[in-house]
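A.B. asks: I'd like to go over a predicted model; first the sequence, then the structure.
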Amino acid sequence: MTDRDRPDENPYAVLPDSLAGPVPGAGAERGGARRWSWLAVLVGTAVDIGGSKLAVLAYTILVGLNVASAPDAGVRLRESMVTFPHLHLLFVTGLSLSVLGGFVNGVIARQRELAHGLAEGVATIALVTVMRLGVPAESRLDVPGWVSPLSYVLLLPTVLLGARLALARRQARERRG
């Protein structure tokens, strides 16, 4: 019987042996060999970053439609995106999507949720850093100096919060039956 034939196993957590291997220290005393799910980390990271990018795009379109009739629409759009309510709404939305990414990651992994969440947080920080470095300085929004450092500081705890929620969900299901 292969891993895919077991009905109680998560099909999304099963990867080829070249991508997933036994977790060190997860012997028979802890329920047998468990696999690391890079797919869970990748999907969680995609939910976090992709969702944040889609939210910014949708919000930019909505704000753009609001200022489109103005003669200096481009300037007004850039200015309005960094005002207090707009910036904070996008900031909270991004952090909420980080929680969702951690939760999705943990649900797919179905084991070692916090370790998977940590891996997702590190991957997200690395990808966001690379994406920010790839944007020319003149194309960046002129956001207050606290935004980037605070987003980096809060990203890992929010992803881990989502992973913790997934762990609590799994534990509650195991207690019920």
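C.D. replies: Structure received. Residues are numbered from 1 along each chain as shown.

A.B. asks: how far away is the residue of the chain positioned farthest from its centre from His86?
C.D. replies: Residue farthest from the centre of the chain, counting by CA atoms, centre = their mean, is Pro71 at 37.9 Å. Between Pro71 and His86 the distance, using CB to CB, to the nearest Å, works out to 21 Å. The way it works is simple: take the backbone N, C-alpha and C, and place the C-beta from them, glycine included.

A.B. asks: buried stuff in the helix or strand hosting Tyr152?
C.D. replies: For Tyr152, the host element (DSSP states H and E) is helix 147-176. Using 16 or more other CB atoms under 10 Å as the test for burial, helix 147-176 gives 151, 155-156, 158-167, 170.

A.B. asks: show me how far it is from its chain's centre.
C.D. replies: 10 Å (CA atoms, centre = their mean, to the nearest Å).

A.B. asks: what mean pLDDT does that helix have?
C.D. replies: For helix 147-176, the mean pLDDT works out to 92.

A.B. asks: center of the chain - which residue?
C.D. replies: By CA atoms, centre = their mean, the most central residue of the chain is Asp48, 2.7 Å off.

A.B. asks: what's near enough to touch it?
C.D. replies: 97-98, 100-102, 120, 124, 159 (CB atoms under 8 Å, 6 or more residues apart in numbering).
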